[in-house]
Each structure stands twice: as structure tokens, then as C-alpha cells.
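Trainee: Fold the following and give me the result.
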Amino acid sequence: MASSGDQSLQVEDWTYRDEGHANIVIASRLSRDVLRLRKCPIVPQSVEKSQPDIDSSKWQQQLDYQNFVMRPLIGPDYVPMANLIQLPEGFVEDANKAFLSHRPTIRLNKAGDPSWRCGILLPDLALLPLRTNGTVTPQSASSSPNGVRGDIAATESPTFCIELKPKWGFLPSPPHASAGGGVKYTHCRFCMFQHLKMSEGKWADRSRYCPLDLFSGNPARLRHAIFSILQTPQNNIRILKNAKQIFKAQSDGLASAASWQQLKEACESLPEIVSAEDDRYISRLPHEFQEQCSKNVCSLAHITASILQHDAKKKHHVLPPRGWQGIQKIPVCQAGTYKLSPEAAEQAQDEAGDDSPCGGALASIRLVQMLDDIDIEGIASLLKRLGGLDGEQWEKWGLNGPYRQPSWTELSSELGRCRVDADDETDEFAVKKIRQFSVACTAKDCSVMIAFQQCEPSVLQSLDNVVEVATVTGVRYYTYRIAVVDLDIKEFQRIKKYFLEDIAVVDHFTSKFNITS
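Mentor: Below you'll find the model as predicted:
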């Protein structure tokens with residue numbers, strides 16, 4: 001951790017990378033690190049600032065949550081350790097000025113918050129660790145003259161990074177659905193929510209992507225998920241090359257022609273893949289999408305799918321109890337697009353045995369998501385029984401931390417367990433389920449970063465994660481790293497919002513399609 005007011009941190013040594021609702025992410029020119037800066041609404045100059053500088057305790061709570069709760073749950077191989085660093089006076093203000101022109105217009109209602117005199121330092125997961133002769137080397141200490149990124153050697157193969165926001169990978173189980181809520185057992189939340197968002201004008205087109213396909217472990221469904229998310233990216237995919245963004249949706253949820261062109265040009269360095277299954281699948285896609293999706297872009301999708309399949313073969317870091325039903329075949333969503341595709345019928349019999357993800361990042365995320373084992377309707381019922389949990393009760397039960405307590409750090413013992421003691425009327429049971437629900441919500445909204453780079457056969461023995469891909473010019477090898485990020489605390493105050501949102505999603509969907517319970 002850098003010392004307070006460390007003057008070695010200079011804004012000119014950083015570049016703008018990305019941002020979300022709560023944080024701006026900037027990347028170092030000198031090392032393979034990124035820094036998360038907290039955001040706040042922009043206050044007019046005429047309004048006097050009254051908020052004093054915030055100490056590091058709130059950031060430390062977030063770090064403890066990621067490092068001691070989410071990291072053990074999802075797995076240390078996928079969640080990097082984060083570190084808190086103190087920022088020198090004026091650093092955030094200088095960053096706001098330096099990166100203003102790089103930020104999307106839609107995000108300009110907020111800026112870096114100067115009252116937060118600290119930030120979270122993480123590895124730059126859009127890149128792979130620097131290697132020399134096949135061996136991972138320490139962070140580079142100075143800039144490289146190639147101008148792409150300070151720590152990317154000119155001799156390195158390009159590194160691609162696909163950032164996915166997978167969303168919910170399971171269907172809830174009875175018995176907590178209300179009248180009409182039974183539709184949730186056959187139609188996934190993401191796909192139903194799409195119809196409500198379309199009615200509200202949120203997106204220009206409904207997403208063809210369904211999370212159940214991505215999490216299924218079935219090669220045909222996985223391929224369908226990746227190509228679907230490219231067709232209608234919304235905020236569920238972003239692609240980078242050498243840490244530079246090359247593909248992302250516009251505010252209407254679709255990618256522009258310029259973005260597609262940039263992606264095709266960036267993928268020209270990838271070889272054409274030999275895959276009869278891909279060719280047959282792509283030939284059935286809409287003609288306009290085929291024109292956008294070049295052979296090399298298809299190679300990118302194929303390599304990504306191959307990496308996820310390779311990763312899924314890994315043994316899970318926390319073995320589920322015997323009889324756990326989460327590893328059984330993940331059903332096809334009745335609101336999704338896969339059930340309408342020819343592949344659904346063709347692959348149903350051939351690949352029925354491939355639908356059981358046993359390990360890897362996606363299985364780990366899904367396992368944590370399934371800590372929500374009584375659904376939001378069950379959680380709302382428990383919360384009502386507890387009298388709504390006011391601030392004093394939150395503190396009493398440790399629901400706002402500290403996150404190093406056993407009640408939080410030992411949640412891994414609940415992974416994969418079938419719902420037990422559902423009729424337990426103790427306050428302790430209710431609080432445990434509410435705590436599990438909060439952690440599950442974090443996993444439902446996380447992001448997965450898949451970075452890969454071509455490697456030579458001579459270095460294969462020194463690498464842990466390598467996939468073999470058949471191309472028109474011969475076999476190629478790709479080393480990869482998968483990381484899970486955006487593991488922020490979900491405040492308990494949101495439970496009411498989630499409950500009302502759930503009602504709205506189900507009511508709109510059942511009304512639109514005249515579905516009765």
C-alpha cells in the first residue's frame with residue numbers, strides 16, 4: 001500500500017480505461033495495473049462543498065468484501081487480490097481534467113470524487129502477465145517506445161480481452177412464487193426483463209442472448225450465447241485488444257457500423273478457424289449479421305468458446321455436497337432464442353451429456369448465485385417477519401460488515417446445499433438467508449474478463465492455461481486468463497427495489513403473452 005499522499009503517483013502516468021455507475025477505471029502506463037476511483041455527482045461551483053475528506057474505511061470495507069467474502073466463494077484463481085492505496089492531494093482533480101475528453105457523454109453527470117483520498121489498485125486483467133522466454137516476469141518499471149501501452153513489448157503477440165456480464169445463470173425453485181410467479185421456473189429473469197425494458201424504451205432491440213445458454217456447458221448453446229451477445233451486445237460485452245477498447249454497444253444497446261469495422265480490423269491478426277459447426281451455425285444467422293461478422297471475428301468467438309469449455313473441465317475449488325442438483329442439466333429458457341434455433345433440435349440428443357458444468361469460472365459464479373435459494377419473494381417475506389431491518393438491526397446482525405467475521409467468511413460452507421430448514425422461524429435463519437441473498441446478488445451482477453494471447457509450442461510446458469485450436473494454417477495455441485470482477489457490495493436497502501422490480505417484470509411478461517398460473 002502506498003504511503004499517504006504518495007507523490008510518485010502522477011496523472012500523466014495513467015490513461016482512461018472505462019467507467020461504470022460508481023467508479024472510473026484508469027490504467028497505468030508503467031505497469032500492468034489499473035486504479036479504481038470513486039465517483040460522485042458533479043456539484044455546481046456555486047454550491048459550497050460541505051463534505052470532508054472521506055477516510056479509507058469505506059474502501060477498506062469494499063476490499064474486505066472482495067478479498068475475504070467473494071474471493072473464497074468464487075475461487076482465488078479467478079478473483080485477484082485488491083489493494084488500497086492513498087492518493088496524493090489533487091490527484092483526483094487532475095484526473096478529472098485529464099480524462100474528461102475520453103469519457104462517454106452519458107457519464108458526465110458524475111466525476112471522480114476528490115473527497116475519497118484513496119483508490120483500489122488491481123492487476124490489469126485486459127492483459128496477461130508479462131513473460132520473458134515463457135516465464136512470467138515482474139511488472140515493467142518503465143515505458144516502452146512502441147506507443148501501444150507502456151508495458152507491452154513490441155515482440156508480444158496481441159492480447160485480446162472479452163469482458164462479459166453474464167447475469168443470472170439459473171432458474172429459481174418453488175415454493176416461494178406468488179400467483180403468476182410460476183413463470184419464473186421456465187423463463188429466466190434476464191429474458192423476461194428484456195420485454196419490460198423494451199416497453200420502457202431502454203433498448204433498440206431485444207437481446208438474443210440468454211444466460212442459461214452461456215452457463216449450460218453445452219457446446220452448441222455456448223456458441224449460440226456468444227454469437228447472440230455479439231448481435232445484441234447491450235451492456236453485456238466489451239472487447240479490447242492490447243487493452244484498447246475495440247467493440248462496445250452504443251446507448252441504444254447495438255454496436256455501430258464503425259464499432260463493427262474496428263472489431264473486424266482488429267481481428268485480422270487472428271487466423272481463420274476450421275469449424276464445420278461454426279460455419280453451419282453462422283450460415284443460419286440473419287444476412288446483415290453475417291456481413292458484419294467476418295471470418296476473423298468468428299475466430300474470436302470460437303477461441304472464446306474454446307477457452308470457456310477448457311476452463312469448465314477444471315475441478316471446482318469447493319466441492320458441492322453429494323446429491324447437489326446444481327450440476328444437473330441446465331434447462332433451455334422458454335423465453336430465450338435458442339429453443340427456436342435448428343441447433344436446439346439437432347444438438348438435443350448428440351450433446352445431452354455435455355450439459356453438466358463441473359468447474360471453472362462460470363460454474364463458480366453460478367454456484368454463488370444459487371445461494372439465493374428462496375428467491376426474492378421468500379427474502380421479502382423473511383424481511384417483513386424481521387420488521388424490515390432498520391439501521392440498528394443491520395448493525396446488530398453484522399449485515400453491513402465487518403466482512404472478516406465468520407458469518408461472512410464462512411459462507412462457502414453453504415455452497416451447493418439444497419434448501420434445508422425452510423420452515424425455520426428463527427431470526428438467525430432469516431438473517432443468514434438475507435446475507436446469502438446479498439452475496440448472490442453480487443454474483444448475478446459481476447463481470448468476467450477473458451484475456452488470451454497466441455503462444456509458441458516451445459513455451460507450452462511453462463504455461464498453466466492453454467487451448468489448442470485448429471486453423472486453416474495449422475494448429476495454434478492460446479494461453480489465457482479468466483478473472484471475475486465488479487464484485488461490489490449490494491446494500492440491503494435494495495431488497496425492496498428488487499422485490500418491486502421482480503413484480504413488474506413478471507406482471508409485464510405474463511400480461512404481454514397472456515400467461516396464467
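Trainee: Which helix or strand lies directly C-terminal to whichever strand in the chain runs longest?
Mentor: Longest strand in the chain, counting residues (DSSP state E): strand 474-485. Using DSSP states H and E, the next helix or strand after strand 474-485 towards the C-terminus is helix 495-512.
Trainee: circling back to that earlier point, report the strands that pair with the longest strand of the chain, each with its relative direction.
Mentor: Strand 474-485 pairs in its sheet with strand 447-455 (antiparallel), strand 466-471 (antiparallel), by DSSP bridges.
Trainee: Could you provide the ones you listed in CSV, with additional columns for distance to Lys339 and mean neighbour count?
Mentor: Any C-beta I mention is one placed from the backbone N, CA and C, and that applies to glycine too. Formatted as CSV, the strands paired with strand 474-485 follow (distance: least, C-beta to C-beta, whole Å; neighbours: other C-beta atoms under 10 Å):
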stretch, distance to Lys339, mean neighbour count
strand 447-455, 24, 21
strand 466-471, 29, 16
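Trainee: quick one, what contacts Pro286?
Mentor: Contacts for Pro286 (C-beta atoms under 8 Å, 6 or more residues apart in numbering) come out as Gln231.
Trainee: Give me the pLDDT value at it.
Mentor: The per-residue pLDDT reported for Pro286 equals 81.
Trainee: next one: Val505
Mentor: 95.
Trainee: thought it was touching Met192?
Mentor: Yes - counting by C-beta atoms under 8 Å, Val505 touches Met192, with 5.2 Å between them.
Trainee: Show me what the residue sitting nearest the centre point of the chain is bridged to.
Mentor: Among the residues of the chain, the one closest to the centroid is Ser447, at 1.0 Å (C-alpha atoms, centre = their mean). With DSSP bridges applied, Ser447 shows beta-bridge pairing to Val485.
Trainee: so which strand or helix has Ile303?
Mentor: Following DSSP H and E, one finds Ile303 within helix 295-312.
Trainee: That helix vs strand 447-455, what angle?
Mentor: Helix 295-312 runs at 110 degrees relative to strand 447-455, counting by axes from the mean of the first three to the mean of the last three C-alpha atoms, to 10 degrees.
Trainee: contacting residues around helix 295-312?
Mentor: The contact list for helix 295-312, computed with C-beta under 8 Å, 6+ apart, reads 160, 162, 217, 219, 222-223, 226-227, 230, 239, 263-264, 267-273, 275, 278, 282, 357-363, 450, 452, 465, 467, 469, 471, 478, 480, 482.
Trainee: again, but for stretch 33-44
Mentor: By C-beta under 8 Å, 6+ apart, the surrounding residues in contact with stretch 33-44 are 14, 17, 19, 21-28, 49, 59, 85, 92, 95, 108-113, 115-116, 119-125, 139.
Trainee: So which of these sit within helices?
Mentor: Those of the contacts of stretch 33-44 mapping onto helices are Trp59, Val92, Ala95, per DSSP state H.
Trainee: With neighbour count, distance to Glu200 and pLDDT as extra columns, can I get the residues you listed in JSON lines?
Mentor: Formatted as JSON lines, these follow (neighbours: other C-beta atoms under 10 Å; distance: C-beta to C-beta, whole Å; pLDDT from 0 to 100):
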{"residue": "Trp59", "neighbour count": "20", "distance to Glu200": "34", "pLDDT": "81"}
{"residue": "Val92", "neighbour count": "24", "distance to Glu200": "34", "pLDDT": "95"}
{"residue": "Ala95", "neighbour count": "22", "distance to Glu200": "34", "pLDDT": "97"}
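Trainee: now the residues you listed as a markdown table including distance to Trp397?
Mentor: Putting the ones in helices among the contacts of stretch 33-44 into a markdown table (distance: C-beta to C-beta, whole Å) gives the following:
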| residue | distance to Trp397 |
| --- | --- |
| Trp59 | 23 |
| Val92 | 34 |
| Ala95 | 38 |
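Trainee: If we only consider those residues, which is nearest to Lys184?
Mentor: Nearest to Lys184 among these is Trp59, at 36.3 Å by C-beta to C-beta.
Trainee: Thought Ile229 was touching Ile237, still the case?
Mentor: Yes - shown here, Ile237 and Ile229 form a contact pair, counting by C-beta under 8 Å, at 4.9 Å.
Trainee: Of the two, which one has the most company?
Mentor: Ile229 (25 against 22; other C-beta atoms under 10 Å).
Trainee: so what's that one scoring on pLDDT?
Mentor: For Ile229, the model assigns a pLDDT of 96.
Trainee: and if you look at Glu377?
Mentor: Listed pLDDT for Glu377 reads 90.
Trainee: Quick check: it is in a strand.
Mentor: No - counting by DSSP: H, G, I helix; E, B strand; the rest coil, Glu377 is not found in a strand; it is helix.
Trainee: what's the burial count for it?
Mentor: Glu377: 18 surrounding residues under other C-beta under 10 Å.
Trainee: could the strands paired with strand 474-485 go into a markdown table alongside mean pLDDT?
Mentor: Formatted as a markdown table, these follow (pLDDT from 0 to 100):
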| stretch | mean pLDDT |
| --- | --- |
| strand 447-455 | 96 |
| strand 466-471 | 92 |
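Trainee: Redo those as TSV? Include distance to Pro331.
Mentor: Compiled in TSV, the strands paired with strand 474-485 are given as follows (distance: least, C-beta to C-beta, whole Å):
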stretch	distance to Pro331
strand 447-455	22
strand 466-471	28
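Trainee: closest to Thr510 out of these?
Mentor: Thr510 sits nearest to strand 447-455 of all the strands paired with strand 474-485, at 30.6 Å, using C-beta to C-beta.
Trainee: Give me the contact list for the closest one.
Mentor: 125-128, 134, 156-166, 303-304, 307-308, 361-362, 365, 463, 466-467, 476-486.
Trainee: Can you list the buried residues in stretch 108-118?
Mentor: Across stretch 108-118, burial judged by 16 or more other C-beta atoms under 10 Å covers Lys110, Ala111, Gly112, Asp113, Pro114, Trp116, Arg117, Cys118.
Trainee: Next, work out how far apart the third one and Gln10 are.
Mentor: Gly112 sits 15 Å away from Gln10 when distances are taken as C-beta to C-beta, to the nearest Å.
Trainee: Equivalent analysis for the first one, please.
Mentor: With distances taken as C-beta to C-beta, Lys110 is found 23 Å from Gln10.
Trainee: What of Glu163?
Mentor: Glu163 sits 27 Å away from Gln10, taking C-beta to C-beta as the criterion.
Trainee: Please identify which of these two sits among more neighbours.
Mentor: Between Glu163 and Gln10, counting by other C-beta under 10 Å, Glu163 is the more crowded of the two (22 against 12).
Trainee: Can you mark which positions in the helix or strand harbouring the more buried one are buried?
Mentor: Assessed by DSSP H and E, Glu163 sits inside strand 159-164. For strand 159-164, burial by neighbour count (16+ other C-beta under 10 Å) applies to Thr159, Phe160, Cys161, Ile162, Glu163, Leu164.
Trainee: can you redo these as CSV with distance to Leu171 and pLDDT?
Mentor: Converted to CSV, these look like this (distance: C-beta to C-beta, whole Å; pLDDT from 0 to 100):
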residue, distance to Leu171, pLDDT
Thr159, 36, 96
Phe160, 32, 98
Cys161, 30, 98
Ile162, 26, 98
Glu163, 25, 97
Leu164, 20, 98
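Trainee: just those residues now: which is nearest His187?
Mentor: Distance to His187 across those (C-beta to C-beta) is lowest for Leu164, with 21.6 Å.
Trainee: isn't the closest one right next to Ile237, touching?
Mentor: Yes - the criterion here is C-beta under 8 Å, and Leu164 meets it with Ile237 at 5.7 Å.
Trainee: Residues that sit against both of these two, list them.
Mentor: Counting by C-beta under 8 Å, 6+ apart, the contacts common to Leu164 and Ile237 are Ile229.
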